[in-house]
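1. Here's a sequence, model it:
(one chain, ligands or ions: 1)
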Amino acid sequence: MKAAADQPAPRILVVDDNPSNLTLLEAQLRPAGYRVRTATSGRAALDAAAEGADLILLDVMMPGLDGYEVCRRLKGDERTSSIPVVMLTSLRERADKILALEAGADDFLSKPSDRAELLARIRGLLRMKRLGDDLAQSRDETSRQAELLAAEKSRAEAILFSIGDGVLTTDMDGRVTMLNQAAESIAGVTNEAVLGREWREALGARLTDGAPLTDDACPLRRALRGEQAVEAEDLAIWRPDGRQITVGVFASAVRRAGGQPVGAVAVLRDVTREREVEAMKREFVGLVSHELRSPTAVIFGFAELLMDEALPPSARRYVERIHRETERLSGMLQDFLDIERLEAGKIPYHLRSLPVAELIEQVAGDVRPRLERHQLVVDVRDVGLAARADRDRLLQVLHNLVGNAIKYSPEGGEIRVTAERHGQSAVLAVADQGLGLPRDAFARLFEKFYRVDRPDHRGINGTGLGLAICRRLIEDMGGRIWAESDGPGRGSTFRVVLPAAAEVTSPSATPLPRASGRVLLVKDDPGLVELIQRQLGRAGYEVEAVATGSEALERVRAAPPGAVVLDIKLAGEMDGWAVLKALREDADFADLPIIVMSGQEERAYGLALGVDDYLVKPVPAARLVGSVQRVARPQRRGYVLVAHDATAMPHLVGEALREVGVAAGA
Ligand code: ADP
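-> Numbering: from 1, shown residues only. Below you'll find the predicted structure:
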């Protein structure tokens, strides 16, 4: 056999104690392309074989170790056991052949051997050896791969089982195929108990409000439907031990190499404690902001009243300053309260069809009197354009965007508010010519507390909450908001997209009736009572104040006022809601105009109970007067009833009542 060009020639070890035999065999083998090595004794043969050979021709009859023994030893040594051995014997006895086979020989040849036969046997054996070697090699390779795989698997399992986050895998039908230890302890279940069960049912997964987790809301289903890595809103897990925990879920599809999904994997993180702490923080901020509102409202309102008085110039400056700063303070408190309520999901939305042009005009009307360096241009060509949104929330967003446009264009310039219809959407935009926005701001602009980190921006006061609130409000109403700018110093445009509505369903504002009437103010905060008396007094109303709910009911029954301004937090047993219900249940007062003025945004509840208007403190004088003017019943004689507990009140009220010809109650 000729050695293949890319393979070294096979090595043949020839063992014989007779040198002439060796010479003969060498002469037969070399021309056939084999490398030949010789040994003249059994020992030398073992040593040479250990150094490597592809085949051994072994003489049987040798002094010392004979051929049988050498063969046995070769086959017994793992270094040489796979080398084919051909025994050369001059004996022809059957017994000798048996002995040779028993010693482990692979073949035997009689001496002197025929060259052709010798070479044919050698070729056959070498082919077998090569096959055997290949087989052994691939067996070794396979077992090495298997070992690697097993090591990899146990490493992956160790990681999976020791990570702190819960890991859950499911098949295409959402049935659990694996749950790691952390997932077991999060859900309070065992692998055995949940394997093969639909994961939501097996783990007691629901929405945080307890509602069932539908396919559309299920993060694993969404991942299986082809959504990329789904980061779900918090979910609740109702454990078998009765505890309910909150988990953050991150799911994605598990795909074969071809991309075909075979199941889903989800990472579960127990965020119960985190959410509790967040809720506590929110509550605290909410509580503090809420408590600070009443005093702020009083300072703000009196400063507003004072500004209308004839004051020496320096005093006017101070009062204006107090007014401005209190307004800012109350804006900040409002932001804190809003973000707290938004995050707690406490803001109700009353989506209806709103006249966009009218809303923008309302905002422009509120803002224009305060403009000095800016021109506010409203450009709404499609006057019939309606957007589906909550009126107050959309007004809040527009106020915020226009407020920012003013604030962040300190040199003045034009502020342009536009609205257009784009297919099924209403697109509102507020554009200014001010400080503009650097490229790196866009990604974070609508995050809580984010403020642009540039000297010209830093010099302007703010909380960094306004845009976060705007985005939340707009997205909650099914819209989108984003900012555009050509860069610092080149102005900014904020765009809001909301679903367009077919027609306007909320009545547009009707002209206000002339101010006249009596108002009963039900409030237990003397500072606010005095303020409101002044505010309404200036608009021509008479105000009677009472501090408790029972007094209020008594007064209404004794002498029905043109309107009642009702606080919710009152001294005494009854709160404002109870007063409202009692009045609405009484047929005589079912239509009595009632305005609730509260620190809490609970408009939906108020409207459901039949209030005519709902004002959230602090209320600018114009808003309060406007509201009273709108709802108050025209009366023969202007007079307002204010409920509060100052001792001088009964006397004043009595006097007022006598003046209008009504017998004063106790
Ligand atoms: P605040 O005004 O209280 O800081 P916002 O959330 O309303 O908070 O705004 C966040 C930041 O975005 C602001 O600090 C300001 O840097 C930037 N910004 C907002 N509106 C504008 C605008 N019209 N022009 C330039 N920058 C703006």
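
2. so where's the protein uncertain?
-> Counting by pLDDT under 70, the chain contains low-confidence ranges at 1-6, 91-92, 503-516, 634-666.

3. max-length strand in it?
-> Looking only at the chain and at elements set by DSSP state E, the strand with the highest residue count is strand 244-255.

4. Check whether residue 553 sits in a helix, strand or coil.
-> The three-state label given to residue 553 by DSSP: H, G, I helix; E, B strand; the rest coil is helix.

5. right, and it touches residue 579 too?
-> Yes - with contact defined as C-beta atoms under 8 Å, residue 553 and residue 579 form a contacting pair (6.5 Å). Every residue, glycine included, has its C-beta placed from N, CA and C.

6. So which of those two has more stuff around it?
-> Neighbours were counted for residue 553 and for residue 579 using other C-beta atoms under 10 Å; residue 579 has more, 27 against 19.

7. quick one: contacts for the more buried one?
-> By C-beta atoms under 8 Å, 6 or more residues apart in numbering, residue 579 lies in contact with 522, 549, 552-553, 566, 570.

8. Please determine how far it is located from residue 593.
-> 14 Å (C-beta to C-beta, to the nearest Å).

9. in stretch 90-99, what's buried?
-> By neighbour count with 16 or more other C-beta atoms under 10 Å, stretch 90-99 contains the buried residues 96-97, 99.

10. Check the offset of it from the chain's centre.
-> A distance of 86 Å separates the centroid of the chain from that of stretch 90-99, by C-alpha atoms, centre = their mean, to the nearest Å.

11. Tell me the span between the first and last residue of that stretch.
-> Across its full length, stretch 90-99 reaches 14 Å end to end, with C-alpha to C-alpha, to the nearest Å as the criterion.

12. other SSEs contacting the longest helix anywhere in the chain?
-> Among the elements of type helix in the chain, defined by DSSP state H, the one spanning the most residues is helix 115-162. When contacts are defined as 3 or more C-beta pairs under 8 Å, 6 or more residues apart in numbering; DSSP states H and E, helix 115-162 sits against helix 19-29, strand 55-59, strand 85-89, strand 107-110.

13. what packs against the first one?
-> Using 3+ C-beta pairs under 8 Å, 6+ apart as the contact test, the elements touching helix 19-29 are strand 11-15, strand 35-39, helix 115-162.

14. same thing but at 7 Å, please
-> Under the contact criterion of 3 or more C-beta pairs under 7 Å, 6 or more residues apart in numbering; DSSP states H and E, helix 19-29 touches strand 11-15, strand 35-39.

15. what angle sits between the last one and strand 55-59?
-> Going by axes from the mean of the first three to the mean of the last three C-alpha atoms, to 10 degrees, strand 35-39 is angled at 40 degrees with respect to strand 55-59.

16. Can you point out the buried residues in strand 35-39?
-> Residues of strand 35-39 classed as buried: 36-39 (neighbour count, 16+ other C-beta under 10 Å).

17. rewinding a little: pick the most buried one from the helices and strands packed on helix 115-162.
-> Each of the helices and strands packed on helix 115-162 was assessed for mean neighbour count using mean count of other C-beta atoms under 10 Å. The highest is strand 55-59, with a mean of 27.

18. chain center to it, what's the gap?
-> Using C-alpha atoms, centre = their mean, the distance between the centre of strand 55-59 and that of its chain works out at 77 Å.
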